[in-house]
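Visitor: Sequence plus the predicted model coming up.
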Amino acid sequence: MSNSTLLTSLQASFIGCKTEYPTVNGQRGPRVYLDSAASTLMMAPAYEVGHEFLVHYASTHSDLHYAARGASHAFEWAHERVLEFADADPENYCSFFAGSGATAGFNRMAASLSRARPERSIVLISEMEHHSNDLPHRYHNAQTIHVPCMGEFERYGGLDMDRLRAIFDEHGGNINYIAVTGASNVTGAITPLAEVAALAHAVGAYLIVDGAQMIAHAPLSMNDADIDVLVFSGHKIYAPGSPGAVIAKKSVLNAIKPAELGGGMVDDVYLEEFMPTATLPDREEAGTPNIVGGIMLGAVLDLLTRAGMDKVREKEIDLIDFAWSGLKAIEGVSVYGPEPSEVPRTGTIAFNIKGFDHGLTAAALNDYHNIQVRNGCFCAHPYVRELLKRELWEMDIDPDAPNAEADVERKRGMARASLGLYTTQADLEALPVGVRDLVERRDEILSLYEPIGSNGYRHTRFDPAPLDLFDPERLLGNYLAQSA
């Protein structure tokens, strides 16, 4: 099968793309899923690999019965696929799984690196970071410096490399590491990782990269960019239920102590002492791992490697430009971040409709058009506030006010449409049609919704039937009734 044929096949393989829901007008139809930056849909062939493994399920770290032998081999295979996908030389790099997303990996690396080099007291963090790649570094390190972006207000985004160079020149050997996103989860702005790595390594600092928003959208070479640590989430690259993954230079891992203790990461244990293993990745994977999830993630990465991430990127660039232009052309709609022509970006576009709170935009797109987008600050509060500053000032709202009341929170956020491999041009034609419809019916829409909680909204005359929403209790009841 050719690369293009495989890619086309994979695009049509996702579970849940055609799930139908009702709309306000009484019709039903398949959803338009534009919430992939939060979590992607499941790639069906990878799910089938995981399902088949359950037929042979056993724990790893043994080869003395058939099932355990297969589990151990498959889990090792998954680690190898992670390295291959990121073009990380297995002689120099190690991959391991941690937690249920990227957060566990960041917490582990922040804690370990701060202890390993206490004489280097400064950590740099970009202002675009998701909280997962910000708060752990603040917590574990004596001093953090946030590196600003280029531009201002609505166009703020893309790492300010001139300012970064100045910070490296000023603090030099006091810098332990720099933590940056590969691509912003708010605007999709892509970071020039090889340039950042060169600046960091010139002063002996490490580079930690949040790959969660980049990994499913663009080719990446750990070797070429000389990245020290990459952390990403399997659920953001078509394997919901899989663990988070960490790829790190062996030299980095060998310089730190294991962050988690338990079974599987020791060579021997006595009442008086224990000896952690020097074997990687075993030393970094204490306890029984998420074997099924790791295997499904390995299957996804194997298929995407075969299809070619360069082809995935080519497809997405055209869709990004199409979606950006479509939203920007609507009067009364603001889109955020640098222009795609100025800073390369992934398929994530944040926007607002004038006169609508971000929660209302998300609710009405869902209820009237079956378009599913995310809303809020996307766990990147400082960055979102910078993008919204001008608008919030015009509303006489202090964007940096702590402990904001609910009415402020309703304004201090955005709606976000984000693409996946399954996103089609038809999906992105539907988005501006839906947004334009809300703009044209603003007064009507505003009169039909009531606020719920801090940033939610509910239609006052439309409520989907319980059978239209997933309910595990109902499914179990059906099973019990059929089994009686």
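Guide: The structure has been received and is ready for your questions.
Visitor: domain ranges for the protein?
Guide: Per automatic domain parsing, the structural domains of the chain span 3-30+308-377+413-468, 47-307.
Visitor: Run the chain-centre distance for the first one.
Guide: This means domain 3-30+308-377+413-468. The gap between where domain 3-30+308-377+413-468 is centred and where its chain is centred comes out at 17 Å by C-alpha atoms, centre = their mean, to the nearest Å.
Visitor: end to end, how far does it reach?
Guide: With C-alpha to C-alpha, to the nearest Å as the measure, the ends of domain 3-30+308-377+413-468 fall 38 Å from one another.
Visitor: Next up, phi/psi of Val435, please.
Guide: Torsion angles at Val435 (phi, psi; degrees, to the nearest 10) stand at phi -60, psi -40.
Visitor: Got the confidence number for it?
Guide: Here, the pLDDT recorded for Val435 equals 98.
Visitor: pretty sure it is touching Leu327, no?
Guide: Yes. Val435 sits in contact with Leu327 when judged by C-beta atoms under 8 Å, with a separation of 6.5 Å. For every residue, glycine as well, the C-beta is placed using N, CA and C.
Visitor: hey, what's in contact with both of these two?
Guide: Common contacts of Val435 and Leu327 (C-beta atoms under 8 Å, 6 or more residues apart in numbering): Val333, Phe351.
Visitor: So for the two, which residue has more residues nearby?
Guide: More neighbours surround Val435 than the other of Val435 and Leu327, with 26 against 22 (other C-beta atoms under 10 Å).
Visitor: quick one, what contacts that one?
Guide: Listed by C-beta under 8 Å, 6+ apart, the contact set of Val435 reads Leu327, Ile330, Val333, Phe351, Ile353, Thr361, Leu365.
Visitor: rerun that using 6 Å as the cut-off
Guide: With C-beta atoms under 6 Å, 6 or more residues apart in numbering as the criterion, the residues that contact Val435 are Ile330.
Visitor: Check the spacing between it and Trp324 real quick.
Guide: In this structure, Val435 and Trp324 are 13 Å apart, going by C-beta to C-beta, to the nearest Å.
Visitor: Over to Val82?
Guide: Looking at Val82 against Trp324, where the rule is C-beta to C-beta, the gap reads 32 Å.
Visitor: His369 too?
Guide: From His369 over to Trp324 (counting by C-beta to C-beta), the distance is 19 Å.
Visitor: what about the nearest residue to Asn370 once chain neighbours are set aside, how many neighbours?
Guide: Spatially, and ignoring its direct neighbours in sequence, Asn370 is nearest to Arg31 (5.0 Å; C-beta to C-beta, 6 or more residues apart in numbering). Taking other C-beta under 10 Å as the neighbour definition, Arg31 ends up with a count of 18.
Visitor: Which pLDDT does the model give Arg31?
Guide: Confidence score, pLDDT, at Arg31: 97.
Visitor: What of Asn3?
Guide: In this model, Asn3 carries a pLDDT of 83.
Visitor: could you list every residue that touches it?
Guide: Contacts were defined as C-beta under 6 Å, 6+ apart; by that measure Asn3 touches Ala307, Gly308, Lys311.
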